[in-house]
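[1] could you look at this predicted model? Sequence included:
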Amino acid sequence: MTKSLYLRCEPGMIAERVLLTGDPARIERMVEMMNGEIIARNREFLVGTGSINGVRYSAISSGIGAPSAAIAVEEAAQLGAKAFVRVGTMMGIGLPMGCFVLATGAARFEGTSSAYLPPAFPAVPDWALSQALRSAGERGGADVRMGVTATYDAFYPSMAPALVGRGLPDLELLRAGRVVALDMETSLLFILGMRLGVAVASFCIVTNNADPFEIIEAEARETGEKLLIRAAFEGLADWRPV
């Protein structure tokens, strides 16, 4: 097999357990924590592989949004990945800054997931993997919140209109559906996990709130992300396929 089109990886280069994140800068931190190495770079896709206590992991960045996240998961699954944890940030709806959101489902306001399964299918995570992540986060002292999230394609119009002087998101609808946080990837990842038969969970830190709009302080974000990444490694290590 030649190298995959976008990840630029071959069989054997990707571990069964994968941390998926938007920001390539997080990959450098993840690789350091798992005593690994960067094995591929292409566009927004940065890939590293290593191990902790004998458990092998890969970390893959996919940039912002559902379309490129779908590419990363598709190619990694073809190369042998079995479990994916989205490790990133979310916009909360009245949540404490720095808490962790473990999504129990996601409203599908993005367009990519419908290419895999029609809108009638719910976007839900792998329960065993999600429970392993919750336990790992709580062992590390994190404030873990579980609930439904919503995924969008358009950041400024749909998620952060306040940043460009356009008011607030449709909070009445979101609160009616008990939505706790917003992002740009989770619902696609859940649907893709179902379609491809791989375990997927979404485990993110709240770095801003929709109403009132606020942003986490830099030091608290850095500390929280380190704890989040450690918990993701531990949860993936504890995960066992059902």
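    Done, it's in.
[2] from the centroid of the protein, which residue is nearest?
    For the chain, the residue nearest the mean C-alpha position is residue 86 (2.0 Å; C-alpha atoms, centre = their mean).
[3] that one touches residue 185, doesn't it?
    Yes. Using C-beta atoms under 8 Å, residue 86 is in contact with residue 185, at 6.0 Å. (C-beta placed from N, C-alpha, C; glycine too.)
[4] now for those two: what residues contact both?
    69, 202 (C-beta atoms under 8 Å, 6 or more residues apart in numbering).
[5] if you count neighbours, what's buried in the lengthiest helix in the chain?
    In the chain, taking DSSP state H as the definition, the longest helix is helix 218-238. By neighbour count on 16 or more other C-beta atoms under 10 Å, the buried set for helix 218-238 is 221, 224-225, 227-238.
[6] and the pLDDT at residue 1?
    Looking at residue 1, its pLDDT is 58.
[7] actually residue 165, sorry about that
    Note on residue 165: pLDDT of 87.
[8] again, but for the one 4 residues further on
    What the model reports as pLDDT for residue 169 is 86.
[9] correct me, but it touches residue 179?
    No. Residue 169 sits out of contact with residue 179 when judged by C-beta under 8 Å, with a separation of 9.8 Å.
[10] who does the worst-scoring helix or strand of the chain on mean pLDDT pair up with?
    Ranking every helix and strand in the chain by mean pLDDT, DSSP states H and E puts strand 213-215 at the bottom, with a mean of 89. When pairs are called by DSSP bridges, strand 213-215 turns out to pair with strand 199-210 (antiparallel).
[11] how about the partner strand as PDB, C-alpha atoms only?
    Provided in PDB are the C-alpha atoms of strand 199-210 (Å, rounded to 0.1, in the frame of the first residue of the first chain):
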ATOM      1  CA  ALA A 199     -15.000   3.600  18.800                       C
ATOM      2  CA  VAL A 200     -15.200   7.400  19.100                       C
ATOM      3  CA  ALA A 201     -15.600   9.700  22.000                       C
ATOM      4  CA  SER A 202     -15.400  13.500  22.400                       C
ATOM      5  CA  PHE A 203     -13.600  14.900  25.500                       C
ATOM      6  CA  CYS A 204     -13.000  18.600  25.500                       C
ATOM      7  CA  ILE A 205     -12.100  21.500  27.800                       C
ATOM      8  CA  VAL A 206     -14.400  24.600  27.900                       C
ATOM      9  CA  THR A 207     -12.300  27.600  26.900                       C
ATOM     10  CA  ASN A 208     -15.200  30.100  26.300                       C
ATOM     11  CA  ASN A 209     -18.800  30.600  27.000                       C
ATOM     12  CA  ALA A 210     -21.600  31.700  24.700                       C
END
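[12] no more questions from me, cheers.
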